[in-house]
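This is a predicted model, with the sequence first.
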Amino acid sequence: MKTNDVLSKKQKLILELLNRNNIDKLKDFINSLETPLYFLNSTNFDLFTLALSLNCSFDIIKLIYNRCNYKTLNYVVKDIYHLYDMSNHKDETIVNYQNSLEVLMDSNNNVKSPLLVSLEFSDFQSVEFLINKGADMYFKINGKYILEILREENLLTMRKLNFLLKNGFSLKKFKIERLSNFEFKYIKKCLENFVFDINFIKYLLNLYKNKAGISKRKFNHRVNNEINKIEIPMELYLKYLDRKDYKKVEYLYKYYGTEKTRSFKDFILFYLNYFDRNFNKKSFYDFFNFIINNENTFPFSKEYAINENETIIINKKLKIVELIKNNNNLKLETFLKNNNYILHCLYSSKSEILNLINEYNVSSDIVDILRKYFLI
């Protein structure tokens, strides 16, 4: 389908004028019309989203908004203007947008709202105008929030998120579960903005202004109250725990609530076991190594972590001895292969392996297997 096949003569004329970004000629054209400007709009043709897509001047944006007499800005239009040549667009991000339009159309059926379009093109002046005129940041398109669509289109940036947060976007209406597929920096920013919101900032400023003293205990209590305003969904913890991204799990832990420390410990241990897919304790060993080697706020002491890993090592050594004694070469090789991650911790020298060989008078097959995995 081509643009010329679906547009009327007047629509093609105004499309050309918008592309030229000439407000004087646009006004002349509008004044020459015998019917109101909004009569040119249709299901697949909307002057306002079109002007935003073509990065028209802000004066043109306001002109079209006023002359089309929009009752609401929370509407969608199926965008067919992707066929129009935007190669001379002044915003270089449009080139990337143009190159990925087929993906965008597949991801959201190419259905647009004015706010979505202005955010896609990073037109922050128009974004602010739209929000002030009633554009809803929580408006859903095909069941998805605008923020989710921007992420799917790979057009979400920290600047865009900060702009939305500054203008009132909050996790009060956008459930944190919907952030599970977002980059962590966006999750962190939304959490911090929601928890330490404007009311908390005003509280701190009021303390400073009145030079009012506050005890450390009372201040920590207030901070904990702020943190406990939100409950982190378990799938977020599990996502980063499974990836062994323990720093992010630790960051999320501060929102868990100090009174639920015991349950958090049980939760972590349960899912470390769940993620032990090869039944070799690697998930436990890696996590406790993080505890041992890093300063952290997890409710596990370094002593506890050291003892747990030492127990894992002892049990591995006992199992190896058992398999060697039973001369079970197949099971021994399978065991060593599955536990290759920790073999370097089991025996401190080659002489220890040689002592095992001599002590249990093992077969040549067992010797070959031990040579292979312990490089003796």
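In hand now; what should we look at?

What lies in contact with stretch 329-343?
Under the contact criterion CB atoms under 8 Å, 6 or more residues apart in numbering, stretch 329-343 has outside partners 278-280, 282, 285, 312-313, 316, 319-320, 323-324, 363, 365-366, 369, 372-374. Where C-beta positions appear, they are placed from N, C-alpha and C, glycine not excepted.

Quick check on the residues you listed: which are buried?
280, 282, 285, 312-313, 316, 320, 323-324, 366, 369, 373-374 (16 or more other CB atoms under 10 Å).

Can you give me the neighbour number for residue 170?
14 (other CB atoms under 10 Å).

Would you mind giving both backbone torsions of it?
Main-chain torsions, residue 170, degrees, to the nearest 10: phi -150, psi 160.

Disregarding residues adjacent in the polypeptide, which is nearest to it?
With sequence-adjacent residues excluded and distances taken as CB to CB, 6 or more residues apart in numbering, residue 170 is closest to residue 194, at 5.7 Å.

can you tell me the helix or strand for that neighbour?
If you go by DSSP states H and E, residue 194 is part of helix 184-195.

Then residue 267?
Using DSSP H and E, residue 267 sits in helix 261-274.

Against which helices or strands is the helix or strand just after that helix packed?
Next in sequence after helix 261-274, counting helices and strands by DSSP H and E, comes helix 282-293. On a contact count with 3 or more CB pairs under 8 Å, 6 or more residues apart in numbering; DSSP states H and E, helix 282-293 meets helix 261-274, helix 302-325.

pLDDT value on the residue nearest to residue 170, please?
Looking at residue 194, its pLDDT is 84.

OK, contacts around it?
Going by CB under 8 Å, 6+ apart, residue 194 touches 170-172, 229-230.

Next: residue 262.
Taking CB under 8 Å, 6+ apart, we find residue 262 in contact with residue 299.

rewinding a little: would you format the helices and strands packed on helix 282-293 as TSV with mean pLDDT and distance to residue 334 included?
TSV is the format used below for the helices and strands packed on helix 282-293 (pLDDT from 0 to 100; distance: least, CB to CB, whole Å):
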stretch	mean pLDDT	distance to residue 334
helix 261-274	92	21
helix 302-325	97	9
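
I'd like to know which of those helices lies nearest to residue 250.
In terms of CB to CB, the element of those nearest to residue 250 is helix 261-274, at 10.8 Å.

The closest one: which residues count as buried?
Buried, per 16+ other CB under 10 Å, within helix 261-274: 264, 267-268, 271-272.

What residues of stretch 148-162 count as buried?
Those would be 148-153, 155-156, 160-161, for stretch 148-162 by 16+ other CB under 10 Å.

Endpoint to endpoint, that stretch covers what distance?
End-to-end span of stretch 148-162 (CA to CA, to the nearest Å): 15 Å.

pLDDT (mean, whole number) over it?
96.

quick one, phi/psi of residue 56?
Here residue 56 shows phi and psi, under degrees, to the nearest 10, equal to phi -70, psi 160.

For it, give its distance to residue 50.
Computed as CB to CB, to the nearest Å, the residue 56 to residue 50 distance reads 8 Å.
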